[in-house]
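**Q** below are the sequence and a predicted model for it; my questions follow.
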Amino acid sequence: MMYGIYLPYGLGIIFSLFLGSKIVKRFNRYHPLSVISAGSVCGLLLTTIPWTIVVGSFFIGFFTSLQARKLNRFAYDASETCKDSSLLLRNLWSKLGSMINQICLVILILLGSYMNHIPFNQVFLTCFQKNSPSSRNEKGEDQ
């Protein structure tokens, strides 16, 4: 399952290097960030349907990589004097936004677990109880 998600995501990043500008030019009536945002939203919506997760992860990889490059270009072109510092500032705000999103996600997960009466330590377990070695020994599978 992991290769089914991360491989298309990585391929989307690679394909955006070659096909990204062609896709944006094809929709030249719209602002490039609007086209990129629409593609990202389509990818997100595709990940909600189980049999289109692979296509959705490709779209997300493709359009997020394209968005990062376009935003870097816009930040670089907008500054007249300190072009390199404009990229550093954009990168700083991007990292800060990512951290805030991750904190919000953890808070939402914890809030959802609290509302559903799930203990907090159960939320962060990485494997299912039925697959743990102690549960297999109880069933006599490892003996």
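**A** Looks like it came in fine. Numbering: from 1, shown residues only.

**Q** next one: the helix or strand that contains residue 95 to chain centre, how far?
**A** When secondary structure is defined by DSSP states H and E, residue 95 falls within helix 83-115. Distance of helix 83-115 from the chain centroid (CA atoms, centre = their mean, to the nearest Å) equals 12 Å.

**Q** strands along this structure, start to end?
**A** Taking DSSP state E as the criterion, the chain contains no strands.

**Q** and the most centrally placed residue in it, what does it touch?
**A** For the chain, the residue sitting closest to the mean C-alpha position, by CA atoms, centre = their mean, is residue 60 at 6.6 Å. Applying CB atoms under 8 Å, 6 or more residues apart in numbering, we find residue 60 in contact with 9, 12, 40, 43, 44, 47. Any C-beta I mention is one placed from the backbone N, CA and C, and that applies to glycine too.

**Q** let's go with 6 Å and repeat that
**A** Residue 60 makes contact with residue 43, according to CB atoms under 6 Å, 6 or more residues apart in numbering.

**Q** now residue 103
**A** Counting by CB under 6 Å, 6+ apart, there are no residues that residue 103 touches.
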